[in-house]
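> Sharing a model that was predicted from the sequence below.
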Amino acid sequence: MERLSASRHALVAVDDEHGRFRVHRDALRDPEVFKDEMKLIFDRCWLYIGHVSELPEKGSFVERTVGGRALIFVRTRNDEILALYNSCTHRGARLCRDKRGTARNFTCPYHGWVFGMDGQLRSMNAEKGKGFAEGISDDDSLNLRKVARIDHYRGFYFVNYDPEAIGLADYLAGAKNFLDLMIDQAEGSDLVVLPGEHSYSVSGNYKFMCENSYDGYHVPSTHMSYLEYLQERDASSDSAGELAAVLAKYSEYGEGWGLGHGHGGMESWVPTGRPVAQWVPSWGEAAKAEVEETYARLTEKFGKERADRIANSQKNMVIFPNLVINDNVGFTIRVVEPTSVSSMRITAWALAPTNESPAMRKIRLDNFVGFLGPAGMGSADDVEMIEICQQGLEHTPVEWNELSKGMQPCADRRWETSGPSDEAQIRAYWAQWDLMMRGEPAFNQPEPPQAKEV
Amino acid sequence: MALDEKLLNELLLRNRIESFLYHEAELLDDWRFPEWASLFTDDARYDIASLDADDPLAADPATSLFVVSDDKERLVSRASRLMKKNAHSEYPRSKVRHLTSNIRFNERADGAIDVRSNFVVYRSRGDKTVRYMGEAHYELLRVDDGFRIRNKRIKLDLNTLADQGRLTIIL
């Protein structure tokens, strides 16, 4: 097991006695730490590559950068889903330059080598017996290289660069149950990634975006202007009520937890409106009837308690180390791709159940883009918070970030549960990060018993 | 030489459209967003498709993810929110400059006017300056004191916002 240099001091400090959980700022600003992270975390964890609905037919492909490596996510002519390195085995050219499409093969534009969609070398563009030695490609070493591991959970595909990694299902641990809760809004129909992708940069360490993506604590302060917008939009609503009432309910309702292996989630309550199934007045009366029907079906299928959670709670989840799946104001997949210690690329998509009506689909997308994305009235403010964090910590003598909110006296706080405005889910992330960075066994631990069964 | 009435009318209309677009750009550069919002009709839309859309002018916000998809109500909210100190992404405010050119227009049989213009918008914040360039498509309605915008759709000549990061100003 590769270890960090022994001289490096601990970057995560847990003080049980005083209820403090601190992260050293070098974890967010030191380029040497970042290099180690790419090897010790990104080359060992399951990383999200794409959703099954993005490869609708044989020959479909999507070009994507995953953990710093250029890949092609492809459905072969034999209907197998693979991840290939997007690099010609001849001189290294980035072979596929289309973002997505359907093809019969990949042809390198440089010297004309041709590969099947399964990566199999088909032609070296040279006459037989001339140039290349006979049998040079017989050992398959000139086929496009496949990523060591690829697997999916309910259509969400992940890759792993470590051939020895534990299986995806074990890796996802308690995140599976929380994802199930989100997926259940489709009532058994498929989910689909809708056309249109948000792709933008953020000048901050990628872990700041992970922290932000399931941080309930920041909502009333960072997003007050969005909450005010909601209040104005749905002014006549009994369900929305006064802002003070919204904030009071927000701090009472819900929970945050570690879900094992560094994953974490939170549930909260904000009256944004949810196509499945929380109506707000600005959607109009026709939508109200449809939302109520959906809620009734959910209740019948899942029972009142689960139906209520599917319909009303805002769900945020980070799958370690860089995937956000949030089902709140929109149902979104957000990949946080680190590009340096102080920069990242965000790529985000909208998910939807295939069984919803065109009217609800329209509302879903409209709701999404009001808050989320580079022009959204929420996400852009989050980006500002992340960027000022990075700016603020770069050169200060203050060494530690404080992530202690909600810590209670107990033997092991790493997997504790806490309120939605607490930081337990973020502590779960950092605890796993710390284990992996120190080269400690991080995946053979039993599933944390405190991880909430959801 | 006899005055060509048709040409004169077209020149006059061009002049009015140009003046209107320059006025709009000035309101945006000067952070007079509520005034900007009042240039729109009650049934207006302001849309920017996702930058990877195959056809950003044909894309439909009801079926695909947009970057901006505002009806009049949200356009007004966007405008008034940006004026607040707690619109953090634009506090401190960016310095903004719109350059508008290549104005083309077509009067429709129903009296509305389809207008296209090319634009470059510069945004400076802190020590960073970024550009947004593209084509703006308008549907203008004539009113007593000039025009109102019923539709403004931005086609950005960008593949991602890797250089720009955010799109928090109004294009």
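Structure's in. What do you need?
> From here on, just use CA atoms for contacts and neighbour counts.
Noted.
> Wait, A:L142 touches A:T89, no?
Yes: in this structure, A:L142 is within contact of A:T89 by CA atoms under 8 Å, at 5.5 Å.
> Quick one: low-confidence residue ranges for chain B.
By pLDDT under 70, the weakly predicted segments of chain B are B:1-2.
> Spell out which parts of it neighbour chain A.
With CA under 8 Å from any CA of the partner chain as the criterion, chain B meets chain A at residues B:49-53, B:61-70, B:77-78, B:81, B:84, B:86-89, B:160-168.
> Enumerate every residue touching the residue in the stretch 301-450 of chain A positioned nearest to chain B.
Nearest residue of the stretch 301-450 of chain A to chain B (CA to the nearest CA) works out as A:K362 at 4.1 Å. Going by CA atoms under 8 Å, 6 or more residues apart in numbering or on different chains, A:K362 touches B:P61, B:A62, B:T63.
> can you redo those residues as TSV with distance to A:Q314?
Shown next, in TSV, are these (distance: CA to CA, whole Å):
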residue	distance to A:Q314
B:P61	23
B:A62	22
B:T63	23
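> Among these, which one lies nearest to chain A?
Nearest to chain A, judged by CA to the nearest CA, of the contacts of A:K362 is B:A62 at 4.1 Å.
> any idea how far the closest one lies from A:R361?
Applying CA to CA, to the nearest Å, the value for B:A62 to A:R361 is 7 Å.
> isn't B:G134 right up against B:F119?
Yes: the criterion here is CA under 8 Å, and B:G134 meets it with B:F119 at 5.6 Å.
> Let me know how buried residue 52 is, in neighbour terms.
Just going to use chain A. By other CA atoms under 10 Å in any protein chain shown, 19 other residues sit near A:V52.
> ah, I was thinking of chain B
Neighbours of B:D52 using other CA under 10 Å come to 17.
> And it, how close does it get to B:K6?
41 Å.
> again with A:H218
Counting by CA to CA, the gap from A:H218 to B:K6 is 61 Å.
> returning to that earlier point: now do the SS call for the residue of the stretch 301-450 of chain A closest to chain B.
helix (DSSP: H, G, I helix; E, B strand; the rest coil).
> thinking again about what came up before, more neighbours: A:H218 and B:K6, which one.
Under the criterion of other CA under 10 Å, the comparison of A:H218 against B:K6 puts A:H218 first, with 15 against 9.
> Now A:S251: closest residue in space that isn't a chain neighbour?
Distances taken as CA to CA, 6 or more residues apart in numbering or on different chains put A:S421 closest to A:S251, at 6.4 Å, once the chain neighbours are dropped.
> Provide a complete list of residue ranges assigned to strands in chain B.
B:40-49, B:66-71, B:95-107, B:113-125, B:128-143, B:146-156 (DSSP state E).
> For whichever helix in chain B runs longest, which helices and strands make contact with it?
Ordering each helix of chain B by length in residues (DSSP state H) puts helix B:5-29 first. On a contact count with 3 or more CA pairs under 8 Å, 6 or more residues apart in numbering or on different chains; DSSP states H and E, helix B:5-29 meets helix B:33-37, strand B:95-107, strand B:146-156.
> I'd like the ones you listed written out as JSON lines, with mean neighbour count added.
Compiled in JSON lines, the helices and strands packed on helix B:5-29 are given as follows (neighbours: other CA atoms under 10 Å in any protein chain shown):
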{"stretch": "helix B:33-37", "mean neighbour count": "20"}
{"stretch": "strand B:95-107", "mean neighbour count": "16"}
{"stretch": "strand B:146-156", "mean neighbour count": "20"}
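> A:S137: what's it in contact with?
A:S137 makes contacts with A:L121, A:N143, as judged by CA under 8 Å, 6+ apart.
> what about the residue nearest to A:S251, which SS state?
Going by three-state DSSP: A:S421 is coil.
> correct me, but it touches A:D215?
Yes: contact criterion CA under 8 Å: A:S421 and A:D215 qualify, at 7.0 Å.
> which one of those two has more residues nearby?
Neighbours were tallied for A:S421 and for A:D215 using other CA under 10 Å; the higher tally belongs to A:S421 (25 against 22).
> Report pLDDT for that one.
Here the pLDDT value assigned to A:S421 is 86.
> Look up how far A:G330 lies from it.
Separation of A:S421 from A:G330 (CA to CA): 20 Å.
> same check, this time on A:K288
In terms of CA to CA, A:K288 sits 18 Å off from A:G330.
> Which one's more surrounded, the two?
A side-by-side neighbour count of A:K288 and A:G330, using other CA under 10 Å, places A:G330 first with 26 against 18.
> Would you state the helices of the stretch 251-400 of chain A in chain order?
When secondary structure is read from DSSP state H, counting those that start in this stretch, the stretch 251-400 of chain A shows helices at A:285-302, A:304-312, A:358-371, A:379-393.
> What helices and strands are in contact with the first one?
Translated: helix A:285-302. Using 3+ CA pairs under 8 Å, 6+ apart: helix A:285-302 touches helix A:304-312.
> and the angle for the helix it packs on with helix A:285-302?
140 degrees (axes from the mean of the first three to the mean of the last three CA atoms, to 10 degrees).
> Only C-alpha atoms, please: export helix A:304-312 in PDB.
Written as PDB, here are the backbone C-alpha positions of helix A:304-312 (Å, rounded to 0.1, in the frame of the first residue of the first chain):
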ATOM      1  CA  LYS A 304     -47.500   6.900   3.800                       C
ATOM      2  CA  GLU A 305     -44.100   7.300   5.500                       C
ATOM      3  CA  ARG A 306     -42.000   6.500   2.500                       C
ATOM      4  CA  ALA A 307     -44.300   8.300   0.100                       C
ATOM      5  CA  ASP A 308     -44.000  11.400   2.200                       C
ATOM      6  CA  ARG A 309     -40.200  11.200   2.100                       C
ATOM      7  CA  ILE A 310     -40.200  10.600  -1.700                       C
ATOM      8  CA  ALA A 311     -42.600  13.500  -2.200                       C
ATOM      9  CA  ASN A 312     -41.600  16.200   0.300                       C
END
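> got the contact list for the residue lying closest to A:S60 once chain neighbours are set aside?
In space, A:S60 comes closest to A:T102 once its chain neighbours are excluded; the distance is 4.2 Å by CA to CA, 6+ apart. By CA under 8 Å, 6+ apart, A:T102 lies in contact with A:E57, A:K58, A:G59, A:S60, A:F61.
> try it again with 6 Å
Shown in contact with A:T102 (CA atoms under 6 Å, 6 or more residues apart in numbering or on different chains): A:G59, A:S60, A:F61.
> Which one's more surrounded, B:A62 and A:R361?
A:R361 (21 against 17).
> sorry, back to before: B:G134 and B:F119: who's more crowded?
More crowded of B:G134 and B:F119, by other CA under 10 Å: B:F119, with 21 against 16.
> My guess is the more buried one contacts B:N102. True?
No: under the criterion of CA atoms under 6 Å, B:F119 makes no contact with B:N102, lying 8.4 Å away.
> Overlap in contacts, these two.
What both B:F119 and B:N102 touch, as defined by CA under 6 Å, 6+ apart, is an empty set.
> Give the buried residues for stretch A:175-190.
Within stretch A:175-190, the residues that qualify as buried are A:A175, A:K176, A:F178, A:L179, A:L181, A:M182, A:I183, A:D184, A:Q185, A:A186, A:E187, counting by 16 or more other CA atoms under 10 Å in any protein chain shown.
> can you check stretch B:108-126 too?
B:A112, B:I113, B:D114, B:V115, B:R116, B:S117, B:N118, B:F119, B:V120, B:V121, B:Y122, B:R123.
> what's the closest of these to chain A?
Nearest member of the buried residues of stretch B:108-126 to chain A, counting by CA to the nearest CA, is B:R123, at 14.1 Å.
> For the stretch 101-250 of chain A, give me the ranges with low pLDDT.
A:236-242.
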